[in-house]
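A.B. asks: Pasted the sequence and its predicted model underneath.
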Amino acid sequence: MKHFKILLVLGMLATAVAASAQETFDATLYNGRPTYDNGDPKDTAKVRVYLPKESEATGRAVVICPGGGYDHLAIKKEGYDWAEFFQNNGIAAIVLKYRMPHGNPDVPISDAEQAMKLVRMNAKGWHIDLNNVGIMGFSAGGHLASTIATQSTGDAKPDFQILFYPVITMMEGYGHEGSFHNFLGDNDGKKYQKRYSSDMHVTRVTPRAFIALSDDDNVVPPSNGVNYYMELYRNDVRASLHVYPSGGHGWGSNLKFKYHDEMMLDFKAWLRSF
């Protein structure tokens, strides 16, 4: 009997520890076939979910869209590494492995919208506030995130957006050539260029934003993020723009980025602001 009680207590302690521990797991994005097809059956959409300890959960969550020019995903330095930062700060992070468009913009857009909906569908079990779910994106992933922020509705619409050296415009010659061709494909007329240029779709109900980039970025012109900030400002949307003197493009979570410490201080201060 004594041994039984000891085992029972140990079992209860193990259960308590498991319930309070951080949790990381992979999940499929769709139960069945997705609505849109990019022609590559090996390219599947999924998410990796990082949940903080229940006792430390703030209720906030962020869907992370890594960059890669709509050709590949820099999913470690612009996804998993950042997810651990959020998880350690009481914020649930959902890293999205979205499918490449291959000229069909609806493919990654539908994946990102589904990820947003998935978070809200699981909000109760994941200890997330339905009204505190944001989206984060880097480079081309920043274009995807800003597209969701400016054009999606309902459960797919984020409450805030975080953009690092983002591609914003799809107007030819002003954004990123690789992203332009991979995203639009043959649908590259002015109609589609304007449709997927996020700075042209900012309204007073666009969610608040944090934007960070480097002045010497020669991959994605800094004007992308700056012009987006100006449109947010013009529409009375709360936004914070940080342009660092150097660093180029694609620094992500790299500690070697010269202004990494300053950037993290700026970012943490913004997260505390609402």
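C.D. replies: Nice, thanks for sending it over.

A.B. asks: what sits against F86?
C.D. replies: Applying Cβ atoms under 8 Å, 6 or more residues apart in numbering to F86 gives the contacts Y50, P52, V62, A92, A93. All C-beta atoms are positioned from the backbone trio N, CA, C, and that covers glycine.

A.B. asks: can you do 10 Å?
C.D. replies: For F86, the contact set (Cβ atoms under 10 Å, 6 or more residues apart in numbering) comprises 50, 52, 58, 60-62, 64, 92-95, 136, 271.

A.B. asks: out of those residues, which are inside strands?
C.D. replies: Counted as lying in strands by DSSP state E, out of the contacts of F86, are Y50, A61, V62, I64, A92, A93, I94, V95, M136.

A.B. asks: Please tell me the pLDDT value assigned to A145.
C.D. replies: pLDDT, A145: 98.

A.B. asks: does it count as helix, strand or coil?
C.D. replies: When classified by DSSP: H, G, I helix; E, B strand; the rest coil, A145 comes out as helix.

A.B. asks: In space, what's closest to it - neighbours in sequence excluded?
C.D. replies: G137 (2.9 Å; Cβ to Cβ, 6 or more residues apart in numbering).

A.B. asks: quick one: pLDDT of the one you found?
C.D. replies: Looking at G137, the pLDDT reads 98.

A.B. asks: ok so, going back, give me the buried subset of the contacts of F86.
C.D. replies: 50, 52, 58, 60-62, 64, 92-95, 136, 271 (16 or more other Cβ atoms under 10 Å).

A.B. asks: now, which of these sits nearest G39?
C.D. replies: Among the buried ones among the contacts of F86, V95 lies closest to G39 (Cβ to Cβ), at 24.2 Å.

A.B. asks: Which is the succeeding secondary structure element to the lowest-mean-pLDDT helix or strand in the chain?
C.D. replies: When each helix and strand of the chain is scored by mean pLDDT, DSSP states H and E, helix 2-20 comes last, with a mean of 43. Next along the chain after helix 2-20, taking DSSP states H and E as the criterion, comes strand 23-28.

A.B. asks: Tell me the buried residues in stretch 95-109?
C.D. replies: For stretch 95-109, by 16+ other Cβ under 10 Å, it's 95-105, 107-109.

A.B. asks: P66 against L73, yeah?
C.D. replies: Yes - applying Cβ atoms under 10 Å, one finds P66 in contact with L73, separated by 4.5 Å.

A.B. asks: Sweet, I'm off.
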